[in-house]
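Visitor: Quick one, what's the 3D model for this:
(one chain, ligands or ions: 1)
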Amino acid sequence: MMNNETITPEQIQAAATAVRQKTNYQPQIGLVLGSGLSGLADAIENPDIIPYHDIPHWPTSTVPGHSGRLVIGSLEGKTVLVQQGRAHYYEGYSPAQITLPVRVMHALGVKTVILTNAAGGINRSFTPGDIMLISDHLNFVGIAGHNPLRGPNDDSIGPRFPDMTLAYDPELRQLARKTAESLGITLQEGVYAYVAGPSFETPAELRFLHTIGADAVGMSTVPSVIVARHAGIRVLGISTITNKAILHPTPEDMVTHEEVLETGKIVVPRLTALIRGILRQL
Ligand code: HPA
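Guide: Below you'll find the predicted structure:
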């Protein structure tokens with residue numbers, strides 16, 4: 001387990017150089033695939049595939065359901081860099097380390113990222129299998145200190161105090177809504193609460209999150225959003241609701257990672273169609 005709190009400009013450049021040496025593509029769009037969603041990378045045409053262990057400083061995931069490679073190629077006429085599998089804070093990495101991939105995307109010239117994840121549905125009108133557009137977030141890990149931007153600020157990338165008012169790009173959200181409608185895909189929308197994990201939330205914690213306005217809860221994405229916004233990258237966030245958050249348990253209730261992965265797989269075709277549709281119009 002590594003324990004580097006900060007990532008240096010030299011480390012970012014070393015990782016970006018390694019990627020450049022292994023592909024001739026110049027990606028415009030980054031796509032991060034969450035738990036159970038890695039099948040979406042199969043849609044990429046003529047891909048260059050780079051295992052994470054071939055890229056210096058790149059954090060690798062140890063979690064089942066997360067592959068560890070970059071798939072770079074074209075999708076709907078756009079050049080896309082797909083991060084197939086991500087590392088998480090709960091695996092022992094620092095917030096800066098888990099966001100190195102977004103730093104590298106920025107160094108490679110990516111201007112837009114689409115971040116996907118698996119999440120528990122807190123909003124009572126959500127059911128497993130739903131797709132939720134992220135409108136805003138609650139950063140439980142970061143708000144009290146574990147922010148990926150903690151440490152020296154690189155003013156050449158972005159400001160010390162980056163704005164998060166419209167972190168989830170309103171135009172991209174509108175495009176996603178329109179695309180979903182034209183494809184007959186139901187799209188929920190709401191606030192994503194980021195928690196550290198790896199233990200799932202207790203019912204009391206979930207009732208608390210419900211009370212303060214969370215619609216979904218998960219263990220990823222938000223650090224990447226912060227780093228992307230810091231660098232001026234536009235963000236579209238999409239959660240797949242893989243399980244119902246249990247606010248009032250009965251004796252048989254529980255949540256498992258297997259359930260999360262199974263539901264994720266069911267959503268992949270619909271999510272693929274939605275993302276293809278969005279890319280077509282970008
Ligand atoms: N809680 C936290 N993270 C998750 C969940 C959940 O219920 N489902 C998928 N990721």
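Visitor: mind listing the strands for the stretch 1-150 of the chain?
Guide: Shown for the stretch 1-150 of the chain, the strands assigned by DSSP state E, counting those that start in this stretch span residues 29-33, 45-51, 69-75, 78-84, 112-121, 131-139.
Visitor: now for these, which one comes closest to M254?
Guide: Between M254 and the strands of the stretch 1-150 of the chain, the shortest separation by Cβ to Cβ is 12.2 Å, and it involves strand 112-121. C-betas here are computed from N, CA, C, even on glycine.
Visitor: closest to R280 out of the strands of the stretch 1-150 of the chain?
Guide: Closest of the strands of the stretch 1-150 of the chain to R280 is strand 78-84, at 8.3 Å (criterion: Cβ to Cβ).
Visitor: Packing partners of that closest one?
Guide: strand 29-33, strand 69-75 (3 or more Cβ pairs under 8 Å, 6 or more residues apart in numbering; DSSP states H and E).
Visitor: how about the ones you listed in TSV, adding mean neighbour count, distance to N139 and mean pLDDT?
Guide: Shown next, in TSV, are the helices and strands packed on strand 78-84 (neighbours: other Cβ atoms under 10 Å; distance: least, Cβ to Cβ, whole Å; pLDDT from 0 to 100):
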stretch	mean neighbour count	distance to N139	mean pLDDT
strand 29-33	26	17	94
strand 69-75	21	26	94
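Visitor: how about a markdown table for these, with distance to the ligand added?
Guide: Putting the helices and strands packed on strand 78-84 into a markdown table (distance: least, Cβ to the nearest ligand atom, whole Å) gives the following:
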| stretch | distance to the ligand |
| --- | --- |
| strand 29-33 | 14 |
| strand 69-75 | 22 |
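Visitor: Please identify which residue in the stretch 101-250 of the chain comes closest to the ligand.
Guide: In the stretch 101-250 of the chain, the residue that lies nearest the ligand is G120 (2.3 Å; Cβ to the nearest ligand atom).
Visitor: Quick one, grab the pLDDT at the nearest residue to that residue once chain neighbours are set aside.
Guide: In space, and not counting its chain neighbours, G120 is closest to A245: 4.2 Å by Cβ to Cβ, 6 or more residues apart in numbering. You'll see A245 listed with a pLDDT of 93.
Visitor: what's near enough to touch A245?
Guide: G120, G121, I122, E201, L206, L209, H210, V217 (Cβ atoms under 8 Å, 6 or more residues apart in numbering).
Visitor: how about 10 Å then?
Guide: 119-124, 126, 193, 200-201, 203, 205-207, 209-210, 214-217, 255 (Cβ atoms under 10 Å, 6 or more residues apart in numbering).
Visitor: From these, list the buried ones, please.
Guide: By neighbour count, with 16 or more other Cβ atoms under 10 Å, the contacts of A245 hold 119-123, 126, 193, 200-201, 205-206, 209-210, 214-217 as buried.
Visitor: any idea which element T250 lies in?
Guide: Counting by DSSP states H and E, no helix or strand carries T250.
Visitor: and it, how far is that from P203?
Guide: 11 Å (Cβ to Cβ, to the nearest Å).
Visitor: Can you list the low-confidence ranges for this protein?
Guide: Where the chain drops to pLDDT under 70, the residues are 1-3, 63-66.
Visitor: Get me the contact residues on it for the ligand.
Guide: Neighbours of the ligand within the chain, by Cβ under 6 Å from any ligand atom: 118-120, 200-201, 217-219, 242-243, 245, 255, 260.
Visitor: quick one on the thing from earlier: if I read this right, the residue of the stretch 101-250 of the chain closest to the ligand contacts F200, doesn't it?
Guide: Yes: assessed by Cβ atoms under 10 Å, G120 is found in contact with F200 at 7.4 Å.
Visitor: Common neighbours of the two, please.
Guide: Residues within reach of G120 and of F200 at once, by Cβ under 10 Å, 6+ apart, are L206, V217, M219, N243, A245, I246, V255, V260.
Visitor: In helices, which of those fall?
Guide: Members of those lying in helices (criterion: DSSP state H): L206, V260.
Visitor: ok, which pair from the shared contacts of G120 and F200 is furthest apart?
Guide: M219 and I246 (16.6 Å).
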